[in-house]
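Chemist: here is my input, please return the structure:
(2 chains)
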Number of protein chains: 2
Amino acid sequence: MSKFLSDKAKSIEPYTPGEQPKDKNYIKLNTNESPYPPSPYVKKVLIESNFDDLRLYPDPNVSDLKKEIAELYNVNTNNIFIGNGSDEILAFSFMAFFNRGDKIYYPNITYSFYSVYSSLFDLNEVKIPLKEDFSIDINDYKNLDSGIFIANPNAPTGLLLTLDQIEEIIINNKNNIVIIDEAYIDFAGIESAYKLTKKYDNLLVVQTFSKSRSLAGIRLGFAIGNENLIQGLKNIKYSFNSYTINRLSIIAGIEAIKDKDYFKDTVNKVINTREKTKIKLKELGFNVLDSKSNFIFISHKNVFAKDIYLKLKDKGILVRYFNSDIINNYIRVTIGTDEEMDIFVEKIQYLIKN
Amino acid sequence: MSKFLSDKAKSIEPYTPGEQPKDKNYIKLNTNESPYPPSPYVKKVLIESNFDDLRLYPDPNVSDLKKEIAELYNVNTNNIFIGNGSDEILAFSFMAFFNRGDKIYYPNITYSFYSVYSSLFDLNEVKIPLKEDFSIDINDYKNLDSGIFIANPNAPTGLLLTLDQIEEIIINNKNNIVIIDEAYIDFAGIESAYKLTKKYDNLLVVQTFSKSRSLAGIRLGFAIGNENLIQGLKNIKYSFNSYTINRLSIIAGIEAIKDKDYFKDTVNKVINTREKTKIKLKELGFNVLDSKSNFIFISHKNVFAKDIYLKLKDKGILVRYFNSDIINNYIRVTIGTDEEMDIFVEKIQYLIKN
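Modeler: Below you'll find the model as predicted:
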């Protein structure tokens, strides 16, 4: 290791993103992308955009996209922060709302990037165990002494807290920031917690364009919260990188927000496919968590999850396997199209019977 | 200020990017963008790109663009790091090569974002004064006891160190990382210091697509260095945001690198316009630094720089004014097209005579 690296660059264990194979032969059910392309209007505006203007910096404040999101959620533009993917917003949140050495609370099983951020920014993470059924007991999150991150639905379980439960956590942590990571909320059949940001100054809601808006390739996320929280994120962002969102992402994002019918349609398709897949997998003897997300989290009593992952990969289907305690007998399977899930079910059926 | 903000988010003074006005009536000479559009091939590949694939995450390793840059500079792909603009790479460099509390050296007049980073990451900046003529005395940079950042050409002066001078700094700091920020090197008429990265393990060279490649709107920067340094940057990046570069930026960047003729042509046009403009301004009594960049840094004995800035803005021309000691009687003027610079010279001539 080079003597020129910082202690952090030497010691940190980075997050491992899911495989992004470059050959296209896989049925790709491993990184929770949408199986549907972005809205046709996204393509249209991109093709028609003024490419000569790419010589110019983008609007660092991303005002036009903010306006669109503000209108959709009926909030003010200064209640909105836009990031280069929701991961960037999460990273900025660790810097904006926590001092070095602060405690930070999240479930022991959740988006594993939170732990990497805690390590990167020297926070003391406190992992609160899930219940045995992998659900969150909100009583564990009352009257804590520092900030809280909760993914809702949680990842990789897909399990959902209701809005009432979220509100109970917020009410009982008036002095702590509560960050609700809603990457998958659009598949949950309940409303986003964004409305609660009007009532509570300690709530930040984070969403992404990568799942329900079919734009993982364009890198866009946003946060909604009290304007003081948004100002904190802005202070960090403008001290890190003034122009995080490029011109093409901005115009793509605007169209994705505008095309509400397409959004509803594709989200509903994913939900329907998910529910059908759940039933089929249960019939095959799988333990299927009641995911409210665009993925399912499953295990089988007879075949070890890692074997399923490897054999599926061999058969041209990529799913995600986490080699970590507690969940190491589960695989996470992104919901594809009906056709893709039919093939998936067929292959996995063959696999557990042989 | 909200009680939920970290000390840093409360206290930091962010970098102030140049104005990015949304109305198009200005002649925009304030943020060092290219006056020329990107290569027509950039437009072509963007229009023809597979927009449906935007549903998928980009390649987090940005391999295809790395290959193109590696070929151009005859280095290995693991000597290259790609960032969301060179600012992101600078930010990651502060995390990858410095521990909290470390000293960090740079000129007292240089890209002002360095100071913001030092503050964000709790480094002890040591600003080394420029000589009275705004040049860097390389003797001040020998045998230091910590890492060094040098913008070459320097900003906002535009003054250049030769490759020999850069090498002398590197040789005399074998135990310190030396980061050469070459945002403007393509306008300098000398080679990039990238070749020295093959000889020295303590050198990182950072470049951007925002100036000479006419792609400020797409957000791309890259660094070249020993693979250990690149690994350090990767460790930080993968602990911060796996997918910083989106799909469209990748394909735009590849074409921009490929179209070498267009690159040479537009860069030469900027250089020619710069030299013509220098002569005209000197004739008007301006002190014109010998900028080797795509901007010039000028002052006039009779009219205060801030007044010039304000009056030009009033007349529809945006330039950059820095209200800080030492340089507060200078304005920085990006080199536009010949036509734009003719108008600029005409307006400024009127202005200093009235």
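Chemist: tell me which parts of the stretch 201-350 of chain A are close to chain B?
Modeler: A:201-202, A:210, A:214-219, A:226, A:228-229, A:231-249, A:252 (Cβ under 8 Å from any Cβ of the partner chain). The way it works is simple: take the backbone N, C-alpha and C, and place the C-beta from them, glycine included.
Chemist: if any of the residues you listed are buried, put those into a PyMOL selection.
Modeler: Only the buried entries of those go into this PyMOL selection, using 16 or more other Cβ atoms under 10 Å in any protein chain shown:
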select buried, chain A and resi 201+202+210+214+215+216+217+218+219+226+229+231+232+233+234+235+236+237+238+239+240+241+242+243+244+245+246+247+248+249+252
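Chemist: where do the helices sit along chain A?
Modeler: A:7-11, A:40-47, A:63-73, A:86-97, A:113-120, A:163-171, A:227-237, A:247-258, A:260-283, A:305-314, A:338-352 (DSSP state H).
Chemist: just name the most buried of the ones you listed.
Modeler: helix A:86-97 (a mean of 26; mean count of other Cβ atoms under 10 Å in any protein chain shown).
Chemist: helices and strands around that helix, which ones?
Modeler: Helix A:86-97 is packed against strand A:80-83, helix A:113-120, strand A:178-181, strand A:203-208, strand A:221-225, helix A:227-237, helix B:7-11, with contacts defined by 3 or more Cβ pairs under 8 Å, 6 or more residues apart in numbering or on different chains; DSSP states H and E.
Chemist: please redo it, this time with the cut-off set to 6 Å
Modeler: Using 3 or more Cβ pairs under 6 Å, 6 or more residues apart in numbering or on different chains; DSSP states H and E, the elements in contact with helix A:86-97 are strand A:203-208, strand A:221-225, helix A:227-237.
Chemist: can you redo these as a markdown table with mean pLDDT?
Modeler: Below are those laid out as a markdown table (pLDDT from 0 to 100):
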| stretch | mean pLDDT |
| --- | --- |
| strand A:203-208 | 98 |
| strand A:221-225 | 98 |
| helix A:227-237 | 98 |
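Chemist: residue in the stretch 251-354 of chain A nearest to chain B?
Modeler: Using Cβ to the nearest Cβ, A:A252 is the residue of the stretch 251-354 of chain A that sits closest to chain B, at 7.1 Å.
Chemist: what sits against that residue?
Modeler: A:V42, A:I218 (Cβ atoms under 6 Å, 6 or more residues apart in numbering or on different chains).
Chemist: ok, it to A:E191 distance?
Modeler: 25 Å (Cβ to Cβ, to the nearest Å).
Chemist: give me the neighbour count for A:N354.
Modeler: 7 (other Cβ atoms under 10 Å in any protein chain shown).
Chemist: excluding covalently adjacent residues, which one is nearest to A:S115?
Modeler: A:E125 (6.0 Å; Cβ to Cβ, 6 or more residues apart in numbering or on different chains).
Chemist: across the sheet, point out what pairs with the one you found.
Modeler: Legend: beta-bridge partners of A:E125 under DSSP bridges are A:I104.
Chemist: my guess is it contacts A:V116. True?
Modeler: No. A:E125 is beyond contact range of A:V116, at 10.1 Å (criterion: Cβ atoms under 6 Å).
Chemist: so what's the residue nearest in space to the middle of chain A up against?
Modeler: Centroid check for chain A by Cα atoms, centre = their mean gives A:A183 as the closest residue, at 3.3 Å. By Cβ under 6 Å, 6+ apart, A:A183 lies in contact with A:S86, A:T208.
Chemist: name the nearest residue to A:L204, ignoring sequence neighbours.
Modeler: A:G225 (4.0 Å).
Chemist: quick check: that neighbour vs A:Y238, distance?
Modeler: With Cβ to Cβ as the criterion, A:G225 and A:Y238 are 17 Å apart.
Chemist: how close does A:I257 get to B:I180?
Modeler: Counting by Cβ to Cβ, the gap from A:I257 to B:I180 is 41 Å.
Chemist: backbone dihedrals for A:D102, please?
Modeler: Backbone geometry at A:D102, expressed as degrees, to the nearest 10, gives phi -60, psi 150.
Chemist: residues contacting it?
Modeler: A:L123, A:S146.
Chemist: now tabulate the helices of chain A in JSON lines and tack on distance to B:D7.
Modeler: Shown next, in JSON lines, are those (distance: least, Cβ to Cβ, whole Å):
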{"stretch": "helix A:7-11", "distance to B:D7": "19"}
{"stretch": "helix A:40-47", "distance to B:D7": "40"}
{"stretch": "helix A:63-73", "distance to B:D7": "27"}
{"stretch": "helix A:86-97", "distance to B:D7": "11"}
{"stretch": "helix A:113-120", "distance to B:D7": "17"}
{"stretch": "helix A:163-171", "distance to B:D7": "24"}
{"stretch": "helix A:227-237", "distance to B:D7": "11"}
{"stretch": "helix A:247-258", "distance to B:D7": "32"}
{"stretch": "helix A:260-283", "distance to B:D7": "40"}
{"stretch": "helix A:305-314", "distance to B:D7": "43"}
{"stretch": "helix A:338-352", "distance to B:D7": "49"}
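Chemist: which one of those helices lies nearest to B:L72?
Modeler: For the helices of chain A, the distance to B:L72 is smallest for helix A:247-258, at 23.4 Å, taking Cβ to Cβ.
Chemist: contacts only, for the closest residue to A:M95 other than its chain neighbours.
Modeler: Leaving aside its chain neighbours, A:M95 sits nearest to A:I236 (4.8 Å; criterion: Cβ to Cβ, 6+ apart). Neighbouring residues of A:I236 by Cβ under 6 Å, 6+ apart: A:F92, A:M95, A:A96, B:A9.
Chemist: again, but for A:P153
Modeler: Taking Cβ under 6 Å, 6+ apart as the definition, contacts of A:P153 comprise A:L160, A:Y184, A:A188, A:K292, A:S293.
Chemist: pretty sure the second one is touching A:S293, no?
Modeler: Yes. At 3.8 Å, A:Y184 and A:S293 qualify as touching, with contact defined as Cβ under 6 Å.
Chemist: so which of these two has more stuff around it?
Modeler: A:S293 (31 against 24).
Chemist: relative to A:I271, how far out is that one?
Modeler: 10 Å.
Chemist: A:L54 reaches B:S39, doesn't it?
Modeler: No. Applying Cβ under 6 Å as the test, A:L54 and B:S39 come out as separate, 10.2 Å apart.
Chemist: which residues touch stretch A:76-84?
Modeler: A:62, A:65-67, A:69-70, A:89, A:219, A:221-224, A:227, A:230, A:233, A:244-245, B:84.
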